[in-house]
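K.L.:
compute the structure for the input listed below.
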Amino acid sequence: MTTSNETTDRKLTRSDLYKLGIRSIAMQSGFSFERMQAPGFTMSMMPTFEKLYGDSKEDMVEFMTYNMEFMNTEMHMGTFLMGLILSMEEKHEDRKLIAGIRNGLFGPLAGLGDAIFWFTLLPISAAICCSLAQNGSPLGPILYMLIWGFSAISRIWFAELGYNLGSKFIDKISENTKYVTEAAGILGTMVVGGLIPSYVSLAFSEELVFGIGGTTVQSVFDGVLPNILPLALVFFIYWLFKKKVNVIAIILGIIAFGILMSFLGWM
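P.N.:
Just a heads-up that it's a prediction; the model follows:
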């Protein structure tokens, strides 16, 4: 529950949060292999952000810049994170802090959302509804569609939950902003690092061996550090980004490298 003073300080109404939740249903429609869900994530929040900051181009640029960074989370948790971000924006919190919290939370929230919805609710409901359908009951597909519909609409509640939690969250961290910013930045870096083996696949062929014992080249690298090749590739691409190399050139270079390694039979 919020107090009357907190309510009067707010610019966003329940209707605004409902609209945010509805827009977030289409979050996956704005998908990029470079930034994953970031375009749809940012697009969903923009009308609500404009209500907070009006026509301020400088604020919009800063808002879009940190929200267009890599983002990949479970959709309901993404809506929750939108509410949290907008609540902090409404309080005019430091955007470095907001970006750190965003980048630090989307990974853990993805695991939580997947466990609740995609590994529990939907599989169990699918099993029950399939059983009904196998017995000839029309209730099976109807019930499953209703569950899916409720799951989508429930994002309205997650937007409101994130927004309401954001106000309380801000009050608790305002005295320790510096430490929270550093911690969130470290957590965000750890999350991105942990995602590297999942999203980047780079390994030498098992047929590429050397020496009398037939030691594979890949086992040598794994002996130094597991997944060292994907890590090295990510750091190399990051270095290219820092050098302002065109993204299209980097993508074409990766494709050409993959074709060459495949042709040589090395990877």
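
K.L.:
mind checking the SS state of the nearest residue to residue 247 once chain neighbours are set aside?
P.N.:
Distances taken as CB to CB, 6 or more residues apart in numbering place residue 34 nearest to residue 247, at 6.5 Å, with adjacent residues excluded. Bear in mind the C-beta positions are built from the backbone N, C-alpha and C, glycine included. At residue 34 the chain is in coil, as set by DSSP: H, G, I helix; E, B strand; the rest coil.

K.L.:
now the closest residue in space to residue 166 that isn't next to it in sequence: which helix or strand?
P.N.:
The spatially closest residue to residue 166, leaving aside those adjacent along the chain, is residue 87, at 2.6 Å (CB to CB, 6+ apart). Using DSSP states H and E, the element containing residue 87 is helix 75-90.

K.L.:
following that helix, which helix or strand comes up?
P.N.:
Immediately after helix 75-90, counting by DSSP H and E, sits helix 95-113.

K.L.:
just checking, what packs against the following helix or strand past that following helix?
P.N.:
Note on helix 95-113: by DSSP H and E, the next helix or strand toward the C-terminus is helix 122-134. Under the contact criterion of 3 or more CB pairs under 8 Å, 6 or more residues apart in numbering; DSSP states H and E, helix 122-134 touches helix 139-153.

K.L.:
alpha carbons of the helix it packs on, in CSV - could you do that?
P.N.:
Extracted C-alpha coordinates of helix 139-153, given in CSV (Å, rounded to 0.1, in the frame of the first residue of the first chain):
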residue,chain,number,x,y,z
LEU,A,139,-12.5,-28.0,-22.7
GLY,A,140,-8.8,-29.0,-23.2
PRO,A,141,-7.9,-26.5,-26.0
ILE,A,142,-10.2,-23.8,-24.7
LEU,A,143,-8.8,-24.0,-21.2
TYR,A,144,-5.2,-23.9,-22.5
MET,A,145,-6.0,-20.8,-24.6
LEU,A,146,-7.6,-19.1,-21.5
ILE,A,147,-4.5,-19.9,-19.4
TRP,A,148,-2.2,-18.5,-22.1
GLY,A,149,-4.4,-15.4,-22.3
PHE,A,150,-4.4,-14.9,-18.6
SER,A,151,-0.6,-15.3,-18.6
ALA,A,152,-0.3,-12.5,-21.2
ILE,A,153,-2.7,-10.2,-19.4
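
K.L.:
show me which positions of that helix end up buried.
P.N.:
140, 143-144, 147 (16 or more other CB atoms under 10 Å).

K.L.:
counting contacts, what elements does that helix pack onto?
P.N.:
Applying 3+ CB pairs under 8 Å, 6+ apart, one finds that helix 139-153 contacts helix 122-134.
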